[in-house]
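> Sharing a sequence plus its predicted fold:
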Amino acid sequence: MERLFSTSLYCEQLHSRQSAMVRELRKECAQIQEYDEEGRAWSHENYVGGYTSYSSLCSLHQMSSTFMKLEQSIASHVRRFSRQLDFDLCGGSLRMGDCWINVMPAHVAHGLHIHPLGCISGTYYVSAPRGAPGIKFEDPRIDRFMAAPPRRERCKKENRTHVSYEPIPGRLVLFESWLRHEVPAGTYSGERVSISFNYHWERE
């Protein structure tokens, strides 16, 4: 029995829930949301009920020293993940190209999507009220299952069609950018705040 064509994800607790880094990011995310009129207007039409700086302020690691520190914390984990994936960068490197904020109150959802043009993508959790949904990944082969029977209710994680990761403040989740994922709506008090980003392959 061999396991072929596996899909790898990387999950690590970078900071404790109440660390100085998490507190500072929480404060700065709120300040950016308040300042970003363009992003709020775009979100009103395209991210209904929530807020994202994706369309307006999507290079926060180049604008804020706090986000720059976060990028520095993430970089070694991206390198480790790329080694586990056996990436041959051909003398090039992986560089964070995009970095933005997502704020999701109760009942807000982010449908299934991928991150085109990215190589490795990820999310870092800043706030996560009790009951807030995690990021949910979909088996990339799901459209080819055809007449396959359903999986057992308690099947092994590697055999599930969908796997979710709990949104714990200070937690980092990395995945290949082609892997489809979503954030379902949930019922909870407060706001689920995360920072998403893409790494791009820069060749020499």
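Received it, and whenever you're ready, just let me know what you need. Numbering: from 1, shown residues only.
> if we look at stretch 143-151, which residues are touching it?
Contacting residues not belonging to stretch 143-151 are listed as 159-161 [C-beta atoms under 8 Å, 6 or more residues apart in numbering]. For every residue, glycine as well, the C-beta is placed using N, CA and C.
> so can I have a markdown table of the residues you listed showing distance to Leu89?
Formatted as a markdown table, these follow (distance: C-beta to C-beta, whole Å):
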| residue | distance to Leu89 |
| --- | --- |
| Asn159 | 31 |
| Arg160 | 31 |
| Thr161 | 32 |
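> and which of those residues is nearest to Ser73?
Closest to Ser73 out of those is Arg160 (29.7 Å), distances taken as C-beta to C-beta.
> Leaving out sequence neighbours, find the closest residue to that closest one.
Arg151 (6.3 Å; C-beta to C-beta, 6 or more residues apart in numbering).
> could you measure the one you found against Arg17, distance?
33 Å (C-beta to C-beta, to the nearest Å).
> need the contact list for the residue most central in space within the chain.
In the chain, the centroid-proximal residue (C-alpha atoms, centre = their mean) is Thr123; its distance is 2.6 Å. Going by C-beta under 8 Å, 6+ apart, Thr123 touches 102, 135, 172-173, 194-197.
> For the helix ranked longest in the chain, buried residues please.
For the chain, the helix reaching the highest residue count under DSSP state H is reported as helix 65-84. For helix 65-84, a neighbour-count test (16 or more other C-beta atoms under 10 Å) marks 67, 70-71, 74, 77-79, 81-82 as buried.
> Using TSV, please lay out those residues together with pLDDT.
Below are the buried residues of helix 65-84 laid out as TSV (pLDDT from 0 to 100):
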residue	pLDDT
Phe67	98
Leu70	98
Glu71	98
Ile74	98
His77	98
Val78	98
Arg79	97
Phe81	98
Ser82	97
